[in-house]
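J.: Next come a sequence and a model predicted from it.
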Amino acid sequence: MFFWRLVSTLLLLYMLLIAMRVLLSWFSASVHGRYWHVLLRLTDPYLNLFRGLAVLHRGAFDFTVVAAVLVLVVAKSLVDAVLVYGRITLGLLASLLVGAVWSGVSFLIVLFLLLAVLRLLTLQFARRYDSPIGGLLEAMVRPAVTAVRGLLPRGWQLKESYVLLTVVAALTVILLLGGLGFNWLRLLLRGLPV
């Protein structure tokens, strides 16, 4: 049991190192110094495994760190399950994988939900449409707005704020129903024998 506790602790510490690397990358390079390079040597080899996956790069978004952390979370969950149950069953493994998938999907839903709400706020309260923040938010939510407009009957034109309200409502419903569905599926899978 000591071995599994040690592995669990090391996985947690490594996730913290990755979080520190992400947070420190937001500041200027002059702040980093020698410890920054040590942190890069510790985290970059693992993160580089995910950087080559094109599916993790979508436009302005790079989900490399999200995928890398999700893999560590699943690994830590497996180790913690060994500590609690003494073994891993197929059902428990499937349940953990489904939970990891939902974590990633729900993160993306919440991200786009926040972007849509911020875009709505900039539409309502910004003095100028061509503000840098408004333009950036508009570019980020454009795929969702285009998808909703594609569902409208031919010839219908809605203001962008109404389309964004529809996007916010749809993402909220998807988040709530998806959470319930994935939790039900996880409980069902966890009960599988073997």
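T.: That came through fine. Small disclaimer: the values here were computed from a predicted structure and weren't measured.
J.: Need the pLDDT of the residue lying farthest from the centre of the chain.
T.: Among the C-alpha atoms of the chain, the one most distant from their mean position (CA atoms, centre = their mean) is that of G155, at 35.7 Å. Looking at G155, its pLDDT is 75.
J.: Over to it. Which of the three states is it?
T.: Following DSSP: H, G, I helix; E, B strand; the rest coil, G155 is assigned to coil.
J.: Please tell me how far it sits from R149.
T.: Going from G155 to R149 by CB to CB, to the nearest Å gives 12 Å. In short, each C-beta sits where N, CA and C put it, glycine included.
J.: out of everything not next to it in sequence, what's closest to the residue nearest to the spatial centre of the chain?
T.: Nearest to the mean C-alpha position of the chain, by CA atoms, centre = their mean, lies F107 at 3.6 Å. Counting by CB to CB, 6 or more residues apart in numbering, F107 lies nearest to V66, which is 6.3 Å off, once chain neighbours are set aside.
J.: Could I get the pLDDT score of the one you found?
T.: 85.
J.: can you pull the contacts of it?
T.: Contacts were defined as CB atoms under 8 Å, 6 or more residues apart in numbering; by that measure V66 touches L56, G104, F107.
J.: Let me know how buried the second one is, in neighbour terms.
T.: I take that to be G104. 16 (other CB atoms under 10 Å).
J.: Leaving out chain neighbours, which residue sits closest to it?
T.: Per CB to CB, 6+ apart, closest to G104 is L70, 5.4 Å.
J.: Tell me if that neighbour really is in a helix.
T.: Yes: assessed with three-state DSSP, L70 lies in a helix.
J.: helices or strands next to the longest helix along the chain in the packing?
T.: Identified as the longest helix of the chain according to DSSP state H is helix 90-125. Helix 90-125 is packed against helix 64-85, helix 132-151, helix 160-190, with contacts defined by 3 or more CB pairs under 8 Å, 6 or more residues apart in numbering; DSSP states H and E.
J.: Surely V82 is in contact with L92?
T.: No: counting by CB atoms under 8 Å, V82 sits too far from L92 to count as a contact (9.7 Å).
J.: Show me which of these two is the more surrounded one.
T.: L92 (21 against 17).
J.: Enumerate every residue touching the more buried one.
T.: A81, Y85, L189, R190.
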